Structure formats: structure tokens, C-alpha cells
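Asker: here's my sequence, what's the structure:
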Amino acid sequence: MAGPNDDGVWVARCLGGDAAAFETLVRRYQRVLFTVAVRLTGNTEDAQDVTQNTFIRAYERLETYDPARRFFSWIYRIAVNESLNFLRARRPHDELHDTLEANAADDPVEREEKGERVQAALMELTKEYREVILLRYFGELSYEEIGETIGIPEKTVKSRLFSARQRLAEILSAKRSVVS
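Answerer: Below is the predicted model of the structure:
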């Protein structure tokens, strides 16, 4: 079985006329890209559309992929752009839906309310902060992988992640004060 570093092989096979080779890439990255899309768009239905559009765009532009770089970094960028395009097109009064898993609360209503607060707080972060939070906690990438994916040094990833967590805590604390 091919490993994650063999993505270039699958891309080359696809570009060589083996359309089925793209299915391997879809299976490999569908879950993580869907998770990123859920966190950026705010609900699963929209994330499904964004994820599907991401793979369509990637397939259409496969010849622009540089095999010297990680495939995930390339397709992740497409997923983020598709998510942001979706958010720009969304009407401002659309509601955010509970999409985060809040495992601390036993009460389903409390869990839903907490998930909504966290999702709303994530949406208040700058794109740069939201991106590192999503990749670290929902994409489960290492600092090095995050740096490669978004094109910044590992030290910057650590710094940005630290600042993002602080800002997220501030937003959540302010929201808790408003609710109380």
C-alpha cells in the first residue's frame, strides 16, 4: 500500500489517464478536509458541499500541483479557499450550527450550547489564528506539518498557536460573562 509520501505517484497516474487513481487521494484526505470545512463553515451540510467542491477543483487543477511539495498542503489550501468563498457567499443572517464535539458536558442541551459558543468563538478569530487551531486540534497535524501546510516557519506556528489559544480563551470568557 502506498504511504502519504506517495501522493505524487497517484497524481502522476491520474494525470496519465488513470482517473481511478484520484480515488486514493480522496479516501486519504476526505476526513481531514471535511473536518476543516465543518470548522470553517459552521455546519456539516455546507462542509460536505465544500469538501466535494474542493476535490472537484483539485481534480480540475491537478496539473498545477508541484510534486516537490506535499499534496496535503496543496489540497488544504484549496479547501480553505473553498470554505472562505462559501462564507463570503453566505447570507449574513445564516445561523451557525453546533458542529463541535463538546465532551465535557453530560447534558445534551448544555453540550449543544457549549458547542455553539466554541464555534462562534472560532469564527471570531482571525483567519490565521483559526487556521492553526483547526490544523492542530482538528487536523491533528504536528507543528512542522502545520508550518509546511501554510508556508510559515515552525516557530511562527508555535507563536501563532499560543496567541490563538489566548484569544480564544478571551472570547469564550467574554461570552460566558454575557450569558451570566
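Asker: how many neighbouring residues does residue 9 have?
Answerer: Residues near residue 9, counting by other Cβ atoms under 10 Å, number 14. To be clear about C-beta, it is placed using only N, CA and C from the backbone, and glycine gets the same treatment.
Asker: same check, this time on residue 85
Answerer: Using other Cβ under 10 Å, residue 85 has 12 other residues around it.
Asker: how close does it sit to residue 46?
Answerer: Going from residue 85 to residue 46 by Cβ to Cβ, to the nearest Å gives 12 Å.
Asker: find residues that contact each of the two.
Answerer: Overlap of the contact sets of residue 85 and residue 46 (by Cβ atoms under 8 Å, 6 or more residues apart in numbering) is empty.
Asker: just the element for residue 17, please.
Answerer: Assigned by DSSP states H and E, residue 17 belongs to no helix or strand.
Asker: and residue 67, which of the three is it?
Answerer: Secondary structure state of residue 67, per DSSP: H, G, I helix; E, B strand; the rest coil, is coil.
Asker: excluding its backbone neighbours, what's nearest it?
Answerer: Closest residue to residue 67 in three dimensions, ignoring its sequence neighbours and counting by Cβ to Cβ, 6 or more residues apart in numbering: residue 8, at 3.9 Å.
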